[in-house]
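# I'll drop the sequence and a predicted model, then ask my questions.
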Amino acid sequence: MKDCLFCKIAQGALPAHVLHRDDHVMAFLDLHPIREGHALVIPRAHHVWFEDMPADLAARVTHCAQGIARAMKALYRVERVSMFFTGIHVPHAHAHVVPMHHVHDVTSAAYLADGPQAFSVPPRAADDRMAAVAADLARAMRL
């Protein structure tokens with residue numbers, strides 16, 4: 001897509017601090033990092049949503065992210081690295097790979113009810129509701 005920021009980066013039309021590039025995926029540093037080293041892994045072909053990517057391409061994105069995570073663990077001496085897809089700001093599938101120095105480096109407001117120095121456990125969902133949600137999702141997955 002001609003107006004897609006990540007397509008322009010993948011084509012070399014915009015600069016990026018590139019970590020990896022092959023025929024299918026590209027990894028580069030996020031301009032607005034949660035933590036130093038925060039990277040993005042994108043498919044070079046345009047796919048708006050991660051669920052729209054072919055399975056083999058999604059596996060390539062994950063494989064690349066795993067390599068970055070291993071490097072982050074060694075370099076930053078962190079126990080864990082987070083990988084997540086959001087697609088909020090750029091409509092091109094992309095995975096965030098973030099070295100986690102703090103439990104709340106990547107979190108939801110639901111986990112912050114007791115403040116940023118604690119880890120709040122959200123209320124447990126009722127078993128009957130969880131069963132209904134699981135059944136609905138399983139049924140929808142078979143569509």
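Nice, I can see it.
# how much space separates the residue lying farthest from the centre of the chain from residue 78?
Relative to the centre of the chain, the most outlying C-alpha is that of residue 128, 30.6 Å out, by C-alpha atoms, centre = their mean. Distance of residue 128 to residue 78, computed by C-beta to C-beta, to the nearest Å: 39 Å. The way it works is simple: take the backbone N, C-alpha and C, and place the C-beta from them, glycine included.
# what pLDDT does the residue positioned nearest the centre of the chain get?
Geometric centre of the chain, nearest residue: residue 84, 2.4 Å, by C-alpha atoms, centre = their mean. Among the per-residue scores, residue 84 shows a pLDDT of 91.
# this structure: helices as residue ranges?
5-11, 55-76, 127-141 (DSSP state H).
# quick one: closest of the ones you listed to residue 17.
Distance to residue 17, taken as C-beta to C-beta, is lowest for helix 5-11 among those, at 10.3 Å.
# figure out how far that closest one is from the centre of its chain.
Computed by C-alpha atoms, centre = their mean, to the nearest Å, the chain-centroid distance of helix 5-11 equals 18 Å.
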